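J.: Structure for this input, please:
(one chain, ligands or ions: 1)
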Amino acid sequence: MKRVLIANRGEIALRIIRACHEDGIEAVAVYSTADRLSPHVRAADHAVNIGPAAAAESYLDIAKLLSAAHRAGADAVHPGYGFLAERAAFAEAVVNAGLAWIGPPPSAIAAMGDKTEARRRMRAAGVPVVPGADAPLTSGAAARAAALDAGYPVIVKAAAGGGGKGMRLVQAEADLEGALEAAASEALRSFGDAGVYVEKFIERPRHVEIQVLADATRTVHLGERECSIQRRHQKLVEEAPSVAVDSALRARMGAAAVAAAAAVGYRGAGTCEFLLTEGGAFYFLEMNTRIQVEHPVTELVYGVDLVREQLRIARGEPMTVLGDAIAPTGWSIECRITSEEPAAGFLPTTGTIEYLRPPSGPGVRWDSGVEIGSEVTLFYDSLLAKLIVWAPDRPAAIRRMERALDELVLVGVPTTQGFHRRLMADAEYQAGAVDIQFLDRRADLVEGRASDLDALVAVAAALAEDEARQSRRVTIAAPGSGPGNWARIGRREGLR
Ligand code: MV4
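T.: Numbering: from 1, shown residues only. A predicted model of the protein is given here:
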C-alpha cells in the first residue's frame, strides 16, 4: 500500500491523510469544485477534482471516484464515514478494480445493512436483541401477533433502515395498522424498500456503543462510548468510558460486540450500537460498518490510533492492539462543533469563517476540516470540527472542556459552541444522569434561555449589588487585579 485515495472531505479526510503520512503512505484527496480551496486538498500529496458541489455528482459518484483512483495511481481506497462508506456495492467496485478496500468485507456491510437479517444473525450468535420480529412483516395479522408477543408499546422500524428513518412508536393495537402503513411508505421513499418489522419499545435507554477491531486472526473490543446526548438522531457529545458501564458490564457488552462482528466475518474497525436500560439490560441495535465520527474518544482512553489500525489490517498485517486485556485510562469527551443554530432547532447555518482560534494546550485535540476563509454551505453536513479532551477523570475532563470552549473563537458562522458550554455547566449532565431523551426534556439547555433558577439567581445578584452600593463600598480594584486598560484595548483589538 503506497498511495491511498480518500473518498471523503472535511475533518475525516484530514484525519485519514494524517494517518497515511505517519505510516509513510501518500494520500490522494478528491474534491468537488466547492471544496477546491479546502484544507484536505492542500494536506494531500495529490488531489483530483471529481465534479460539482452536489454530492450526488461528486463524493457519491462511484465511477468518478474509481477513475480518480486510476488516474492518481492509488492502490487503496479509504471511504471515511457517510457518503459511500457503508455501500457494499462501492466496496465491491473498489475490490473489483484491483484496489485495496480499507473497510470490512462487502458481505459484512450487506449483512448488517439488512436490519432483520442482522437481528437473525445476532440472535443465532447469542447477542441480545430487542424482543420482536426477525423478518419483515407480510400481513396485518402477523404484525398484530408480533406486537402482542413483544408487548406494547412497540416500535415499527424499516428493514432497510437505520439512523431512525421510517420509525413509528405505537402505544396500543388500535394504532398499529396506521403506523405500519406510514412506516412502510416512508421506508419505500427513503430506502426503496417498504419492508418493516416491530420491536418492543425500550423506554428511556442510554445509547452505548462498543468499538470493535478485527484482523485476520483476532476480533477484540475497545470498550464503550456513551452517545446519549443527541437531537433527532444527530449526536452532539460523546464520551468514553460511560458512567453507566463498570468493568463487568464492559466485559459482557464487549463479548456481545465481538460475537456480533465474528458472526458476519468482520474485518477492520466497526461499532456495535446498543440500548442500555436503567436496570443494566442491553440490546443490540445495529452495527456501523465504518470508522465513526466519535472514534477519537476511544483512541484517547485506549491509546490506540484506529485509523492506522485500519490501514494495517487492510494491508493484511496484524493489529497492534492487545484488546480485551486493556482497561480504559482516564476520561475523554468530544463536543461536535457544527454550523447549526440550537435555538432554531439546530437549523444549519451558512457563512464565511472570518476568524478562528482553535483551543489547544494539555489534553486538547482539535479535529477540524475548516480554517479562516472557509465557506460554510448547505451542500454537505454541518460538522465543522470536533473538540476532544482527555483528563484523568470525568470532572477534570468536563473542566478541561469548559476551558477549551472558552479558548475557542470562531467568528462568521453561528455554531453549537454556546450549547456545549451550557451543557458542560449543567448539574444533570455533570451527574451523568442522561438518556437518549435528555435533550428533549431540556429545552433550556438547547435554546439557551434562562431557567427559572437562573432568573432567580440574577435577581438575587442584582439585589446584592444594590445592597453593596448602598453601603458605599469602594469598588476600585487593587493594583494589578482587574482588567486594566491595556488588557481591555487588547481584547477589543482581538475581536476586530
Ligand atoms: C429503538 C428505541 C427504543 N426501542 N428501538 C433510533 C435509531 C436507530 N438506530 C434505532 N433507534 C431507536 N431504536 C427500540 N426497540 C429508540 C431508538 C432511538 C434512539 C436510539 C439511539 C440513539 C438515539 C435514539 C433516539 C431516538 C430513538
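J.: ok, the closest residue to Y429 other than its chain neighbours - contacts?
T.: Nearest non-adjacent residue to Y429, counting by CB to CB, 6 or more residues apart in numbering: L423, 5.3 Å away. No exception for glycine: its C-beta is placed from N, CA and C like everyone else's. By CB atoms under 8 Å, 6 or more residues apart in numbering, the contact list for L423 reads 229, 236-237, 429, 445.
J.: likewise R42?
T.: Residues near R42 by CB under 8 Å, 6+ apart: none.
J.: With A179 instead?
T.: 156, 168-170.
J.: Out of these, who's the most crowded?
T.: V156 (30 neighbours; other CB atoms under 10 Å).
J.: What is the burial count for the closest residue to the ligand within the stretch 1-150 of the chain?
T.: For the stretch 1-150 of the chain and the ligand, the shortest gap (CB to the nearest ligand atom) falls at V130, measuring 4.2 Å. Applying other CB under 10 Å, we find 21 residues neighbouring V130.
J.: Likewise for W366?
T.: 17.
J.: sec struct for the residue in the stretch 301-450 of the chain that the ligand sits nearest to, please.
T.: Minimum separation of the stretch 301-450 of the chain from the ligand (CB to the nearest ligand atom) falls at I436, amounting to 4.1 Å. What DSSP: H, G, I helix; E, B strand; the rest coil gives for I436 is coil.
J.: Next, the contact list for it, please.
T.: Applying CB under 8 Å, 6+ apart to I436 gives the contacts 204-207, 228, 230.
J.: repeat for G254
T.: If you count contacts by CB under 8 Å, 6+ apart, then G254 has 210, 221, 223-224, 324 around it.
J.: Just checking: what are the partner strands of the strand ranked longest in the chain?
T.: If you go by DSSP state E, the chain has its longest strand at strand 219-231. Partners of strand 219-231 in the sheet, by DSSP bridges, are strand 206-214 (antiparallel), strand 234-240 (antiparallel).
J.: how far out from the middle of the chain is that strand?
T.: In terms of CA atoms, centre = their mean, to the nearest Å, the centre of strand 219-231 is found 10 Å from the chain centre.
J.: Enumerate the residues of the stretch 201-350 of the chain near the ligand.
T.: For the stretch 201-350 of the chain, the contact set with the ligand under CB under 6 Å from any ligand atom comprises 201-202, 207, 230, 233, 273, 275, 285-286.
J.: cutoff 8 Å now
T.: Proximity of the stretch 201-350 of the chain to the ligand (CB under 8 Å from any ligand atom) is limited to residues 201-203, 205, 207, 227-228, 230, 232-233, 235, 273, 275, 283, 285-286.
J.: Among the residues you listed, find me the one that's closest to N8.
T.: K235 (18.2 Å; CB to CB).
J.: quick one: the strands in the stretch 301-450 of the chain?
T.: Here the stretch 301-450 of the chain has its strands, by DSSP state E, counting those that start in this stretch, at 331-338, 340-341, 347-348, 351-352, 355-357, 364-368, 375-376, 383-391, 409-411.
J.: Put the alpha carbons of the single longest helix found in the chain into PDB.
T.: Taking DSSP state H as the criterion, the chain has its longest helix at helix 452-470. Output in PDB follows, covering the C-alpha atoms of helix 452-470 (Å, rounded to 0.1, in the frame of the first residue of the first chain):
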ATOM      1  CA  ASP A 452     -36.300  29.600  36.400                       C
ATOM      2  CA  LEU A 453     -33.300  29.100  38.700                       C
ATOM      3  CA  ASP A 454     -31.000  31.300  36.500                       C
ATOM      4  CA  ALA A 455     -33.700  34.100  36.700                       C
ATOM      5  CA  LEU A 456     -33.800  33.700  40.500                       C
ATOM      6  CA  VAL A 457     -30.000  33.900  40.700                       C
ATOM      7  CA  ALA A 458     -30.000  37.000  38.500                       C
ATOM      8  CA  VAL A 459     -32.500  38.800  40.700                       C
ATOM      9  CA  ALA A 460     -30.500  37.800  43.800                       C
ATOM     10  CA  ALA A 461     -27.300  39.100  42.300                       C
ATOM     11  CA  ALA A 462     -29.000  42.500  41.400                       C
ATOM     12  CA  LEU A 463     -30.300  42.800  44.900                       C
ATOM     13  CA  ALA A 464     -26.900  42.000  46.400                       C
ATOM     14  CA  GLU A 465     -25.300  44.600  44.200                       C
ATOM     15  CA  ASP A 466     -27.800  47.200  45.200                       C
ATOM     16  CA  GLU A 467     -27.100  46.400  48.800                       C
ATOM     17  CA  ALA A 468     -23.400  46.800  48.200                       C
ATOM     18  CA  ARG A 469     -23.900  50.200  46.600                       C
ATOM     19  CA  GLN A 470     -25.900  51.500  49.500                       C
END
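J.: packing partners for that helix?
T.: Packing contacts for helix 452-470, counted by 3 or more CB pairs under 8 Å, 6 or more residues apart in numbering; DSSP states H and E, involve no helix or strand.
J.: What are the contacting residues of stretch 158-167?
T.: Applying CB under 8 Å, 6+ apart, the external contacts of stretch 158-167 come out as 113-116, 136, 155-157, 183-184, 186-187, 190-193, 195-197, 232-233, 286.
J.: now do 6 Å
T.: Residues from elsewhere that reach stretch 158-167 (CB atoms under 6 Å, 6 or more residues apart in numbering): 115-116, 136, 155, 157, 183, 186-187, 190-191, 193, 195-197, 233, 286.
J.: For the residues you listed, name the two members farthest from one another.
T.: For the contacts of stretch 158-167, the maximum inter-member distance is 21.8 Å, found between P136 and H233 (CB to CB).
J.: that older thread, compare the contacts of G254 and tell me which is most surrounded.
T.: E224 (31 neighbours).
J.: My guess is that residue contacts S247. True?
T.: No - when contacts are counted by CB atoms under 6 Å, E224 is not listed as touching S247 (11.1 Å).
J.: The closest residue to the ligand within the stretch 251-400 of the chain: how many residues sit nearby?
T.: Nearest residue of the stretch 251-400 of the chain to the ligand, counting by CB to the nearest ligand atom: L285, 5.0 Å away. Other residues lying near L285 total 23 when counted by other CB under 10 Å.
J.: That one - nearest residue in space that isn't next to it in sequence?
T.: Distances taken as CB to CB, 6+ apart place E273 nearest to L285, at 4.3 Å, with adjacent residues excluded.
J.: same check, this time on D324
T.: According to CB to CB, 6+ apart, the nearest residue to D324 is V220 (5.1 Å).
J.: quick one: the one you found and L322 touch, right?
T.: No - judged on CB under 6 Å, V220 makes no contact with L322 at a distance of 7.6 Å.
J.: For these two, indicate the residue with more neighbours.
T.: Neighbour count, other CB under 10 Å: between V220 and L322, V220 has more, with 20 against 11.
J.: where does this structure have low pLDDT?
T.: Per-residue confidence for the chain (pLDDT under 70) gives these ranges: 323, 450-455, 470-496.
J.: Mind doing that once more with 90?
T.: Scanning the chain for pLDDT under 90 picks out 133-136, 138-139, 160-166, 191, 322-326, 449-496.
J.: about what we covered before: most tightly surrounded among the strands paired with strand 219-231?
T.: Greatest average neighbour count among those goes to strand 206-214 (a mean of 25), per mean count of other CB atoms under 10 Å.
J.: Extract the CA atoms of it and return them as CSV.
T.: The C-alpha trace of strand 206-214 is given here as CSV (Å, rounded to 0.1, in the frame of the first residue of the first chain):
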residue,chain,number,x,y,z
ARG,A,206,-28.9,5.2,27.1
HIS,A,207,-27.2,4.8,23.7
VAL,A,208,-24.0,3.0,24.4
GLU,A,209,-21.8,1.6,21.6
ILE,A,210,-18.8,-0.7,21.6
GLN,A,211,-15.8,-0.3,19.3
VAL,A,212,-14.5,-3.4,17.7
LEU,A,213,-11.4,-4.2,15.7
ALA,A,214,-10.8,-7.4,13.8
